[in-house]
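*Asks:* Need a 3D model of the following:
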Amino acid sequence: MYLIWTQSVPSVRPLYVSITVYDGTMSEGRSVLRLVTNSGRARPELDGKQLPKAQHSLWLTEREMQQLCGKEHKVHLEMILNERLEETTQGKPGTTSAQK
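*Replies:* Modelled structure (predicted):
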């Protein structure tokens with residue numbers, strides 16, 4: 001198994017990330033949208049110890065890695081970070097809390 005995760009320092013707003021792993025020619029890939037770990041405390045560990053939850057990471061099996069990169073174990077990684085700057089009211093997308 002291969003693990004790619006994101007982590008940030010403590011923040012008052014949630015951060016979201018799009019994680020995409022491409023093959024060598026960037027013609028095939030695997031992509032997920034995830035919430036960034038927001039504490040600075042979560043660290044992946046091995047040998048049965050706690051790893052990042054699925055909501056914070058991209059897990060790739062050995063088979064998926066072979067499909068993406070063959071025997072080279074070389075992939076292209078793209079991460080796009082999104083921070084929601086405005087709060088919206090329920091039922092009215094795009095309305096900020098100051099407009100209530």
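*Asks:* Which residues lie in contact with Lys71 in this structure?
*Replies:* Lys71 makes contact with no residue, according to Cβ atoms under 8 Å, 6 or more residues apart in numbering. No exception for glycine: its C-beta is placed from N, CA and C like everyone else's.
*Asks:* actually Met1, sorry about that
*Replies:* 59-62.
*Asks:* So Ser18: helix, strand or coil?
*Replies:* strand (DSSP: H, G, I helix; E, B strand; the rest coil).
*Asks:* Nearest residue to it in space, please, no chain neighbours.
*Replies:* In space, and not counting its chain neighbours, Ser18 is closest to Ile80: 4.3 Å by Cβ to Cβ, 6 or more residues apart in numbering.
*Asks:* could you give the mean pLDDT of the helix or strand harbouring that neighbour?
*Replies:* Element membership for Ile80, per DSSP states H and E: strand 76-83. Mean per-residue pLDDT for strand 76-83: 89.
*Asks:* Which residues does that strand contact?
*Replies:* By Cβ under 8 Å, 6+ apart, the list of residues contacting strand 76-83 reads 4, 6, 13, 15-24, 26, 36.
*Asks:* now, the most widely separated pair of the residues you listed?
*Replies:* Using Cβ to Cβ, the two most remote members of the contacts of strand 76-83 are Arg13 and Gly24, lying 36.0 Å apart.
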